[in-house]
Each structure stands twice: as C-alpha cells, then as structure tokens.
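Enquirer: The following comprises the amino acid sequence and a computationally predicted model.
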Amino acid sequence: MSRRGRILVHTGDGKGKTTAALGTVFRAAGHGQNVAIVQFMKGKWTYGEIAAVQRFPNIFLARMGSGFTWEKEGLDEDRELAARAWAVCRELAASGDYDLLVMDELNYALDYGFLDVEEVVRFLEQKPAELSVIITGRRAKQEIIDAADTVTEMRAVKHAFRSGTRAQKGIEY
C-alpha cells in the first residue's frame, strides 16, 4: 500500500511552531525517513535544534534567511532570499529524495508578499504524492490553511519574556 504525504501547518502567535515541526522531523528521521528543512526567515543564530539536526545523516538543512524583517530597514534582501529558499524547496520536492519537507517560516514570506500564495498552493496540489510537507510561521494565509490536511494554531496564554525573563539555553534556543 502506498503512503500518502500530508500537509501540516503550524501557525498562530504562540511559541512552539518550529519546535513542533522539528519534533516531527526527529520522529521521521528516527524511522529512517529522509527529511529536508528549509528555513526562510531565520538568520544564522546558533540554537540547540540546529545542533541536534546536524547529528542525523538523513536530515538536510538549508538556512536561507538573514533574520526577521523587523530587524532591518529594507526588504530587498529578504525578498531575494525568500525566492532562493522557495527555489530550493521546489528542487528538494522534485528530487524524490525526501519523505518530509519542512518549510520553516514560509508563512512569513507569504504574509510579507515575498512569494505568491497561489504558486505555493499549486506546489502543494502538485507535490509528489508521498511527500509530506510542514509549513510554519504566524499568519497563515487562508489558502494555505485550506490546502492543508492538519492545521494547528499555537496561542500564547502566558510567556516568560513578557515579564522580562531572558531566553534560556535548552528551553528557548
């Protein structure tokens, strides 16, 4: 019996969208599946998940961002990097080498208008049938939600940062 890939979306204003996606990455990799992760907006920060990913030979990681847009004055570089990341996603999907493709922070690239949502929906409709895709980031477009099999919205109820608590190694990064 052939396996049908799923489309999952992790969105919302709460913490944990990428972390949830990476949990699925580790689950898939642990079962011997090949996984690709393309990070759209995140810069070259060092955090624990990246170190863990690098321990798995069956996980490919492309960190394509230079940091979130609110940290910059112009958006031209972000637009160009999003286009490059999108091209990498299409190449990875077309290769047939992967069971799972994570497009981390793709929702931001769509929200900022760096990519065309209809093109992404077409990709999701035409992707290899066995390829599962996870899309993360706040403000998922309705078209992406409609195309998904499973959508989870993370909601911030309480966050330590709001009380002035600094990020802790191993917990937030």
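Expert: In hand now; what should we look at?

Enquirer: Only C-alpha atoms from now on, for both contacts and neighbour counts.
Expert: Noted.

Enquirer: mind showing which ranges of the protein have poor pLDDT?
Expert: Applying pLDDT under 70 to the chain picks out residues 1-2, 43-44, 67-72.

Enquirer: Residues contacting the lengthiest helix in it, please?
Expert: In the chain, taking DSSP state H as the definition, the longest helix is helix 76-95. With contact meaning C-alpha atoms under 8 Å, 6 or more residues apart in numbering, helix 76-95 is reached by 36, 38-41, 64-66, 69, 98, 101, 103, 109, 114-115, 123, 127-128, 131.

Enquirer: now stretch 18-38
Expert: So stretch 18-38 is contacted by 10, 49, 53, 56, 58-64, 85, 88-89, 92, 97-105, 134, 136-137 (C-alpha under 8 Å, 6+ apart).

Enquirer: Narrow these to just the buried residues.
Expert: 10, 53, 58-60, 63-64, 85, 89, 92, 98-105, 134, 136-137 (16 or more other C-alpha atoms under 10 Å).

Enquirer: On the three-state scheme, residue 139 is what?
Expert: At residue 139 the chain is in coil, as set by DSSP: H, G, I helix; E, B strand; the rest coil.

Enquirer: Next, find the distance separating it from residue 106.
Expert: Between residue 139 and residue 106 the distance is 10 Å, computed by C-alpha to C-alpha, to the nearest Å.

Enquirer: And these two? Which one has more around it.
Expert: residue 106 (25 against 15; other C-alpha atoms under 10 Å).

Enquirer: residues in contact with the more buried one?
Expert: Neighbours of residue 106 in contact, by C-alpha under 8 Å, 6+ apart: 39-41, 135-137.

Enquirer: Max pairwise distance over the residues you listed: which two?
Expert: Using C-alpha to C-alpha, the contacts of residue 106 span at most 12.7 Å, a distance reached by 41 and 135.

Enquirer: hey, what's in contact with both of those two?
Expert: Here residue 41 and residue 135 share the contacting residues 104-106, scored by C-alpha under 8 Å, 6+ apart.

Enquirer: Perfect, I'm done here.
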